[in-house]
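A.B. asks: sequence-free structure coming up:
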Ligand code: GDP
Ligand code: MG
């Protein structure tokens, strides 16, 4: 029999890192330089035919505008089972904020058995020249990220791979 899952996944990170662009790229296969700053919380649904017996409905929660205040309400985090934490490789301050976002996540939601919600780190805008990325393998290991991907919403690089990686973790926690 076919199994169906509905997974709530959060996309978090500082303003302008590309959260909305990543969701639009992943769900609607589009990219634009000019998204309006969304107001409130927005979400998009992606149906994944994971394998012959598994259908996954992925609900991707975007933050809209509220990220400027630095954290989100518990309501936003409620019942999330995974997160994509995004920074912009061209703006170091957005990387510095990654741990603040991870901490916000871990203090506001855990899985039903008390484990932290799996989080994958996205180093976005990798189409733009980057002189040097911080040592992200070590960073992920030390800070509880599943792993990291360099992504580009513009060029459609690694977004599918990052989401698949997260979903594998989510399924392993089921
Ligand atoms: P958000 O505030 O995190 O939702 O960021 P947006 O998705 O609104 O993106 C902010 C700006 O960065 C927009 O002008 C996007 O077009 C641009 N942007 C997003 N992703 C990429 C990317 O991968 N590469 C480049 N070059 N620009 C991007
Ligand atoms: Mg946005």
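C.D. replies: Thanks, I have the structure now. Please read all numbers here as calculations on a predicted model, not as lab measurements. Ligands and ions are numbered 1, 2, ... in the order given.
A.B. asks: List the contacts of the residue of the chain positioned farthest from its centre.
C.D. replies: Relative to the centre of the chain, the most outlying C-alpha is that of residue 1, 30.2 Å out, by Cα atoms, centre = their mean. When contacts are counted by Cβ atoms under 8 Å, 6 or more residues apart in numbering, residue 1 touches residue 53. To be clear about C-beta, it is placed using only N, CA and C from the backbone, and glycine gets the same treatment.
A.B. asks: ok, now how distant is the residue nearest in space to the middle of the chain from ligand 1?
C.D. replies: Nearest to the geometric centre of the chain sits residue 84, at 1.7 Å (Cα atoms, centre = their mean). In this view, residue 84 and ligand 1 are 11 Å apart by Cβ to the nearest ligand atom, to the nearest Å.
A.B. asks: Now that residue: closest residue in space, sequence neighbours ignored.
C.D. replies: residue 11 (4.9 Å; Cβ to Cβ, 6 or more residues apart in numbering).
A.B. asks: before we move on, what SS does the one you found have?
C.D. replies: What DSSP: H, G, I helix; E, B strand; the rest coil gives for residue 11 is strand.
A.B. asks: OK, contacts around it?
C.D. replies: 19, 22-23, 60-63, 83-84, 86.
A.B. asks: ok, now with 10 Å
C.D. replies: Residue 11 makes contact with 17-20, 22-23, 26, 42-44, 60-63, 83-86, 122 under the criterion Cβ atoms under 10 Å, 6 or more residues apart in numbering.
A.B. asks: Could you check the pLDDT of the residue of the chain found nearest ligand 2?
C.D. replies: For the chain and ligand 2, the shortest gap (Cβ to the ion) falls at residue 20, measuring 3.2 Å. Per-residue confidence (pLDDT) for residue 20: 92.
A.B. asks: Check residue 2 too.
C.D. replies: 86.
A.B. asks: how far away is the residue nearest to it when sequence neighbours are not counted from ligand 1?
C.D. replies: Spatial nearest neighbour of residue 2, excluding adjacent residues (Cβ to Cβ, 6+ apart): residue 53 at 5.5 Å. With the distance defined as Cβ to the nearest ligand atom, residue 53 ends up 34 Å from ligand 1.
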